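Visitor: Structure, please.
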Amino acid sequence: AENLTCFLFSRDFKLCIINPIQTSAIRKSNIRKTKTDPVDTILIIKTMMMNKYRLFSQHDMDSMKLKSLCRFRQKLVKARTKVKIQLVTYIDLLFPELQYFFRSGIHGKACYALLKEESNPDKIAKMHLTRLSNLLNKTSKGHFSKQTAIALKELASQSVGTKDDTLSLQILQSINQIELYTSQLKEVEASINEIMDNMDSVIKTIPGIGNLNGAMILGEIGDISRFEKPCQLLAYAGLDPSVYQSGNFNAPRTRMSKRGSKLLRYALINAAWQLTLNNDTFKNYYDLKVSQGRRHYSALGPTAHKLVRVIHKMLTDNVTFNLD
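Guide: Numbering: from 1, shown residues only. Predicted structure coming up:
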């Protein structure tokens, strides 16, 4: 019903979004099974009278947009990663030595420009030295010199690749797809940055959390009043520990449940790691967990728990980050 919500809000209607589970619970309390528009209206009114509610605000609208944009961005990132893996496979067949020639790997502007120009090692070996040198020098902004071009021509002449020209087309199309995804990601991130700048949320006062990570957290959380306690937010993110009990046995240590929002969980874990690099309190807490025998990601779990409690208080009370 997001389209209806946006439509009504844009026309200055006062909105209140109610969980259908609440109205369903009141409906089940009735003896007679009836469902008509008048009955549904009364149920909604009773639900609003019996439960706390608040009006839909511009902040909620921005959070909804962030949620949609961040999830779309995540899909673009996954799609681009998949094409990058395919590109490596094609190059392994055609020119396997190339990925070890560039220090940054094959996913760089200079390498992409080379592969779009010529991807067959035989043709690279026969390229005019001046043409190849200028291509590498221009796309790398002066990092690659004439000696690099000479070494590349020598490498191409000794390549053990398949020399299949049909792979060249697949490489070219893959690079075009990657560049398209990259340009789309820039547009999406620009929209995210614009919304985050307008919201000016207190979450950006947390060291290490910028517009992108903050947008993922705010978009997935939405209305913080939905979570009365930090433990509820932890459960929503899937960061709460799973329970394993049988008879008189209770497992002393269990893994996180991972049953909630995957994107929120990813953003919180990433934010927790960034915070350990920018804040002494969180760094000391992380180091404590490591000293207790936990590995990196295992130590980030309780660190993210600590961060969730901080975020819950900040968003609930609308206060800036402060651990003093």
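Visitor: Touching, Ala79 and Tyr181? I think so.
Guide: Yes - with contact defined as CB atoms under 8 Å, Ala79 counts as touching Tyr181 (6.0 Å). No exception for glycine: its C-beta is placed from N, CA and C like everyone else's.
Visitor: Just want to know which of these two has more residues nearby.
Guide: Tyr181 (20 against 16; other CB atoms under 10 Å).
Visitor: what mean pLDDT does the helix or strand encompassing that one have?
Guide: Assigned by DSSP states H and E, Tyr181 belongs to helix 165-199. In this model, helix 165-199 carries a mean pLDDT of 96.
Visitor: Same check on stretch 210-217?
Guide: The average of the pLDDT scores along stretch 210-217 is 95.
Visitor: Residues in contact with that stretch: which ones?
Guide: The contact list for stretch 210-217, computed with CB atoms under 8 Å, 6 or more residues apart in numbering, reads 66, 69-70, 189, 192-193, 195-197, 201, 203-204, 206, 209, 263-264, 266-268, 270-271, 274, 311.
Visitor: And for stretch 59-72?
Guide: Contacts for stretch 59-72 (CB under 8 Å, 6+ apart): 2, 5-6, 9, 188, 191-192, 195-196, 198-199, 215-216, 218-223, 263.
Visitor: From the chain's centroid, how far away is that stretch?
Guide: Centroid separation for stretch 59-72 versus its chain: 13 Å, with CA atoms, centre = their mean, to the nearest Å.
Visitor: Just the buried positions in it, please.
Guide: Buried residues in stretch 59-72, counted by 16 or more other CB atoms under 10 Å: 60-67, 69-70.
Visitor: tell me which residues of the helix holding Tyr181 are tucked away?
Guide: 167-168, 170-171, 174-175, 177-178, 181, 185, 188-189, 192, 195-196, 199.
Visitor: what's that helix packed up against?
Guide: Using 3 or more CB pairs under 8 Å, 6 or more residues apart in numbering; DSSP states H and E, the elements in contact with helix 165-199 are helix 58-94, helix 109-117, helix 211-221.
Visitor: so which of those helices comes closest to Lys283?
Guide: Nearest to Lys283 among the helices and strands packed on helix 165-199 is helix 211-221; the distance by CB to CB comes to 17.8 Å.
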